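[1] Return a 3D structure for these sequence lines:
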Amino acid sequence: MKAHDTVEPKNAEQAAGQGGGAADQTAAGAPEVEPLSLEEQLAAKEKEARENWDRFLRERADLENLRKRTNREKEELLNYGYKSLIEEILPVLDNLERALGHASEDGLPALVEGIRMTHTMLLTSLRKFNVTPVEAVGAPFDTAFHQAMAQVPTDEFPPNTVVEEYQKGYLLKDRLLRPAMVSVSTEIKGENRE
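    Presented below is the predicted three-dimensional model:
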């Protein structure tokens, strides 16, 4: 053999042995990974399945909560969506009531009758949308529905009873649009009650 001739490996094992010496050393330095047993693989897959099932249940609960919230918001919008429109109409109703209160019956009966008819029509229209006046005069004072503007000492009404209404309050279905502005009765001081 001459110096410039190279030795050819006789088979693939020899070639792997000559050229793959470095690879064998790296593989020998790293810990050898043992394949998982079937039981371990099954346990890992069962754990993964449980985690996926839990994630699925949480997502389904989130979806159900979203559906309920959306339905609740939709119902709220359908029931009370026109609240701001009604709040704008209420001052018109107040002015009609004031006009009726100050109109002279003997001066212009046709005008008074026209105002009364308009007032009645407007109230009827509002009732179609479940807008109703708050009960005031003669009712027990209730801070949920009445706003006290004054206290009136009287023996005509029991204490804490609404005796006068300055401005009507209104409900939209079961929700207060605005409280009634009222005077509330109090006991007359200095009166001897025996």
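[2] quick one, helices of the protein?
    With DSSP state H as the definition, the chain shows helices at residue ranges 12-19, 21-29, 38-80, 83-102, 109-128.
[3] Now tabulate these in TSV and tack on mean neighbour count, mean pLDDT and distance to Met181.
    C-beta: built from backbone N, CA, C; applies to glycine. Compiled in TSV, the helices of the chain are given as follows (neighbours: other C-beta atoms under 10 Å; pLDDT from 0 to 100; distance: least, C-beta to C-beta, whole Å):
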stretch	mean neighbour count	mean pLDDT	distance to Met181
helix 12-19	11	49	100
helix 21-29	9	50	90
helix 38-80	10	92	23
helix 83-102	13	82	10
helix 109-128	13	85	19
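[4] Asp155: which of those helices is closest?
    helix 83-102 (26.4 Å; C-beta to C-beta).
[5] Run the angle between that closest one and helix 109-128 for me.
    Direction vectors for helix 83-102 and helix 109-128, defined by axes from the mean of the first three to the mean of the last three C-alpha atoms, to 10 degrees, enclose an angle of 150 degrees.
[6] Which stretch among the helices of the chain approaches Ala148 most closely?
    Distances from Ala148 to each of the helices of the chain were compared by C-beta to C-beta, and the smallest falls on helix 83-102, at 18.7 Å.
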